[in-house]
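Visitor: task: produce atomic coordinates for the following.
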Amino acid sequence: MESGMQNMILKAPVSPGDQLDHYRIDSMIASGSTVATFRGTDMRTGRAVAIKVPHPEMETDLAFLDRLRREEEIDENLTHPGLLKGIKDEHRSRFYIVTEWFDGRTLRQILNEEKKLSPEEAVRLALKICEVLDYIHAHGIVHRNLRPEHILVGADDQLKLTGFELAAKEGAPRLTFTSIAQLVGSSAYISPEELTGRRGDPRSDIYSLGVILYEMVTGATPFPGNDPYDRLRKHPVPPREIEPAVTPQLQEVIYRALEREHKNRYANAHDFARDLSHLDKVGIADRAELRDWKKDRESEAKRILLYTALALIPLLIFGLLIYFSRR
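Guide: Numbers count the residues shown, from 1 in each chain. Sure thing, here's the model as predicted:
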């Protein structure tokens, strides 16, 4: 009975005002379908920390916990100014992740408020993200879930990359998505190869950053519709059509990051950053994307018109039947 009561206590939801071991829970920062993230205080040092706690119903999901443990390992073992440093504790009463606290907003919050950024600011942030990606890739880690929600931006454009729960680590057992719904949960940023079931590599993160850069300068993702497979068969609106302040060179860099075939993208984050740092030296390719995107839109409009007409035919027939039945 005592053991059963202990398990019930361990799986109780965590709320502000509670205490987890020597951490005081101060406020909730975010709550998703699997975890809640809190701002807390380390009672030993008085320092603010971030605490990620699985929801009680997730504590029996071994695959999910394995992903969180991999995230914890990455947080604790990698050291870079662009990553949140994990805090180790030998003994905890339940599983949760603790990292240093960083004062900042997510890039998603910034984009929600400002809609889009100037090309200059977007390039500055993209360069910082490239630096962090270059570091984690050199350590055999692919993020696989890079999106604005996982990019924290602080004062003076300080930046932290988070959200490593789906990261792939070189030499570790493969973490797979259990359903297509889970795969496309952040579909706007997932690479075409991952959509078709292939394992992501560093160039998949390059694609995700390309989507983010496109969104930062235009205020929209390249494929904003509901069908995630649009990126396998359509071309996005050229960024310069949406935001004329985007130079042809910056547009070219974005297209190189968004290549459908991963072999045609930047080979690594260092090459991506090199072009972003020297836009004046970027050559402009004669791209089919710049010619064919209008054809995609025209084809889509014709298809919608056709479906609308087909939907109206039964109504027209029904109306005619009623008309003639009354004569």
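Visitor: next, Glu57: phi, psi?
Guide: phi -70, psi -10 (degrees, to the nearest 10).
Visitor: go on, Leu159?
Guide: phi -140, psi 140.
Visitor: can you check Tyr266 too?
Guide: phi -60, psi 140.
Visitor: wait, it touches Ile206, no?
Guide: Yes. At 5.1 Å, Tyr266 counts as touching Ile206 under the criterion of Cβ atoms under 8 Å. Yep, even glycine has a C-beta here, placed from its N, CA and C like the rest.
Visitor: the more surrounded of these two?
Guide: A count of neighbours by other Cβ atoms under 10 Å puts Ile206 above the other of Tyr266 and Ile206, at 26 against 23.
Visitor: quick check: that one vs Lys128, distance?
Guide: 15 Å (Cβ to Cβ, to the nearest Å).
Visitor: Met43: what's it in contact with?
Guide: Gln19, His22, Tyr23, Arg24 (Cβ atoms under 8 Å, 6 or more residues apart in numbering).
Visitor: try Glu215
Guide: Leu111, Lys116, Pro148, Thr221, Pro222.
Visitor: from the contacts of Met43, which ones fall inside strands?
Guide: Gln19, Tyr23, Arg24 (DSSP state E).
Visitor: ok, and the most crowded of the residues you listed?
Guide: Neighbour counts for those peak at Tyr23, which has 21 neighbours (criterion: other Cβ under 10 Å).
Visitor: which strand residues bridge that one?
Guide: Leu20, Asp42 (DSSP bridges).
Visitor: residues contacting it?
Guide: Gly40, Thr41, Asp42, Met43, Val49, Ile51, Val98.
Visitor: what's the burial count for the fifth one?
Guide: So the one you mean is Val49. 19.
Visitor: so it touches Ile97, yeah?
Guide: No. At 10.1 Å, Val49 and Ile97 do not qualify as touching, with contact defined as Cβ under 8 Å.
Visitor: what about the stretch 151-300 of the chain, any weak spots by pLDDT?
Guide: 171-186, 296-300 (pLDDT under 70).
Visitor: now do the strands in it.
Guide: 151-153, 159-161, 168-169 (DSSP state E, counting those that start in this stretch).
Visitor: which strands or helices does the last one pack on?
Guide: In this structure, strand 168-169 packs against strand 141-142, with contacts taken as 3 or more Cβ pairs under 8 Å, 6 or more residues apart in numbering; DSSP states H and E.
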